[in-house]
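Peer 1: how would this look folded up:
(chains A and B)
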Number of protein chains: 2
Amino acid sequence: MDKRIEISILLDIYGVLLTEKQRDIMDLYFNNDLSLAEISENTNTSRQAIHDLIKRCERLLSEYESKLCLMKRNTELHRMKKSVDEHLDKLLEKDLDIDSKDRINNIRYLINDLN
Amino acid sequence: MDKRIEISILLDIYGVLLTEKQRDIMDLYFNNDLSLAEISENTNTSRQAIHDLIKRCERLLSEYESKLCLMKRNTELHRMKKSVDEHLDKLLEKDLDIDSKDRINNIRYLINDLN
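Peer 2: This is a model prediction of the structure:
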């Protein structure tokens, strides 16, 4: 996976564990594509300090993922949903009674509600 | 939920985010039921320091849950698995072809594999 995309996903998951300032700067850099110089100007902070903050946050986010594995878990969840959905589609193609169809639709609803 | 049980569950989920020492002491207190005096003696640390560490870690664990909601998510996942399982059981009671039964068993396998 592209590193910028990966950091952006990790930021979405673990951003709540950063300070507001860290989160804001990471958001400007990774989601709004501002340059270090632009962030430096906008936040009245030296370019070097912004650079250091970003590097430190990247390490923090990677550490959280290595410990809690939530990005990995989300990927597995997404894959599971897709596979279950395919099975449910195939089941619905069968000649089933109304109760069975209802149950299949309920299963789909329960699964899609997971996040 | 009983507070000790809740802390024990949170420790299981977020313990990886504590330091080794914090985790060990929380484990002795909440999972092995040692008293403050016993932990103090075993770790050569004052009773007051152990008390403060436990209170601080309780706050940390609650903060992690308020931000990441993983305990809540696990409870929802457990509830979803139970509901889906019931629907699958009912579906398997029907007069289905082998392919349908295989798909239902596959769905069960995929769901149970989630954590």
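
Peer 1: count of neighbours near A:Arg108?
Peer 2: 18 (other C-beta atoms under 10 Å in any protein chain shown). Just so you know, the C-beta spots here come from the backbone N, C-alpha and C atoms, and that holds for glycine as well.

Peer 1: in the helix or strand hosting it, what's buried?
Peer 2: Using DSSP states H and E, A:Arg108 maps to helix A:98-112. Within helix A:98-112, the residues that count as buried by 16 or more other C-beta atoms under 10 Å in any protein chain shown are A:100, A:103-104, A:107-108, A:110-111.

Peer 1: ok and that helix relative to helix B:98-112, angle-wise?
Peer 2: With axes from the mean of the first three to the mean of the last three C-alpha atoms, to 10 degrees applied, the angle from helix A:98-112 to helix B:98-112 works out at 30 degrees.

Peer 1: Figure out how far helix A:98-112 is from the centre of its chain.
Peer 2: Helix A:98-112 sits 27 Å away from the centroid of its parent chain (C-alpha atoms, centre = their mean, to the nearest Å).

Peer 1: Please apply the same query to stretch A:60-72.
Peer 2: With C-alpha atoms, centre = their mean as the basis, stretch A:60-72 stands 11 Å off its chain's centre.

Peer 1: still on that earlier bit, I'd like the buried residues of helix A:98-112 as a markdown table, with pLDDT appended.
Peer 2: A markdown table is the format used below for the buried residues of helix A:98-112 (pLDDT from 0 to 100):
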| residue | pLDDT |
| --- | --- |
| A:Ser100 | 95 |
| A:Arg103 | 97 |
| A:Ile104 | 97 |
| A:Ile107 | 97 |
| A:Arg108 | 96 |
| A:Leu110 | 95 |
| A:Ile111 | 94 |
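
Peer 1: Of these, which ones also sit close to chain B?
Peer 2: When contact is defined as C-beta under 8 Å from any C-beta of the partner chain, those meet chain B at A:100, A:103-104, A:107, A:110-111.
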